[in-house]
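Undergrad: Fold the stuff below for me.
(chains A, B, C and D)
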Number of protein chains: 2
Amino acid sequence: MRPLFHPAIEDVRPEAILHALSDPERAAIFAQIAGGGSGGTCAALANMRERVIPKSSLSNHIKVLREAGLIRCERQGVEMRNHSRCSELDERFPGLAMAILSAYGWLPREAKAD
Amino acid sequence: MRPLFHPAIEDVRPEAILHALSDPERAAIFAQIAGGGSGGTCAALANMRERVIPKSSLSNHIKVLREAGLIRCERQGVEMRNHSRCSELDERFPGLAMAILSAYGWLPREAKAD
DNA sequence: ATCAACAGTTCCGAACTTCCGAACTATGGA
DNA sequence: TCCATAGTTCGGAAGTTCGGAACTGTTGAT
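TA: So this is what the prediction gives:
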């Protein structure tokens, strides 16, 4: 499997980010990846909270996040490592990812106002 | 036509906001309303930029924005006044609406970083 | 080499959502 | 009353999403 498609940071569109994160399940996956906790493999993500996500759905969610420019995925042996593109994104759209995660109440590690 | 449904600010869900604003056309309508320029009637919004929006679509966009909690609509005579709920929203989800409008490059009046 | 096991992807049909023209409703003025 | 104006609802065509079953690609064992 050749390197998966990732948009260049300047090609990332705000509507794609909002669309990707407008699904709470997908936003939770992104929060998990951004938090760095699980190591970011699909298997780790699949049963992160009470809900078990079918793997075809998870694969699709990850594809949507990747194509929106939110995460970067690379194969490492048999599994896939997913990591967030937060710092690049924050340069392009300052405060956006953070405001969204914080609206969901899932800020990765920073302080939270409310 | 009795008062239209508007969610209480504490019932506003982040996914609804992101979904509403993940359509660039709808986000542009919201920016226009938030900017306050047009007076916010549908007719004024319909032909705001090069694109003419069919009125059934516009009505639907406004409904989505209203039910997401982004705008407040009230009939005034024969027309409808739409205004944004930015200040309430900013208390509930600090920085969210601003980060989104700024990502689209449509910040209502404040300064812009990049 | 062959095989099995595992991690993730693709395919495709059912269910859901979106778009927009035509028909409708509500308000105000003559 | 009847008309014009501003917006809403209806309905069907087109598009999107979800998830089970079948597939691919990688590793490790025999």
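Undergrad: Need the residue closest to the centroid of chain A.
TA: Centroid-nearest residue in chain A: residue A:30, 2.9 Å away (criterion: CA atoms, centre = their mean).
Undergrad: Now for that residue: which residues touch it?
TA: By CB atoms under 8 Å, 6 or more residues apart in numbering or on different chains, the residues touching residue A:30 are A:20, A:21, A:65, A:70, A:71, A:84, A:101. No exception for glycine: its C-beta is placed from N, CA and C like everyone else's.
Undergrad: One more: residue A:58?
TA: For residue A:58, the contact set (CB under 8 Å, 6+ apart) comprises A:29, A:42, A:45, A:46.
Undergrad: I'd like the distance from the helix or strand containing it to the chain centre, please.
TA: Element membership of residue A:58, judged by DSSP states H and E, is helix A:55-68. Helix A:55-68 has its C-alpha centroid displaced from the chain centroid by 9 Å (CA atoms, centre = their mean, to the nearest Å).
Undergrad: Any residue of that helix touching DNA strand C?
TA: Yes: for helix A:55-68, a contact with DNA strand C is found by CB under 7 Å from any atom of the strand, at A:55, A:56, A:58, A:59, A:60, A:62, A:63.
Undergrad: now the helix or strand just after that helix: mean pLDDT?
TA: Using DSSP H and E, the helix or strand that follows helix A:55-68 towards the C-terminus is strand A:71-76. For strand A:71-76, mean pLDDT rounds to 93.
Undergrad: Which other helices and strands does the helix or strand of chain A with the lowest mean pLDDT contact?
TA: Sorting the helices and strands of chain A by mean pLDDT, DSSP states H and E puts helix A:42-46 at the bottom, at a mean of 75. If you count contacts as 3 or more CB pairs under 8 Å, 6 or more residues apart in numbering or on different chains; DSSP states H and E, helix A:42-46 packs onto helix A:24-35, helix A:55-68, strand A:79-84.
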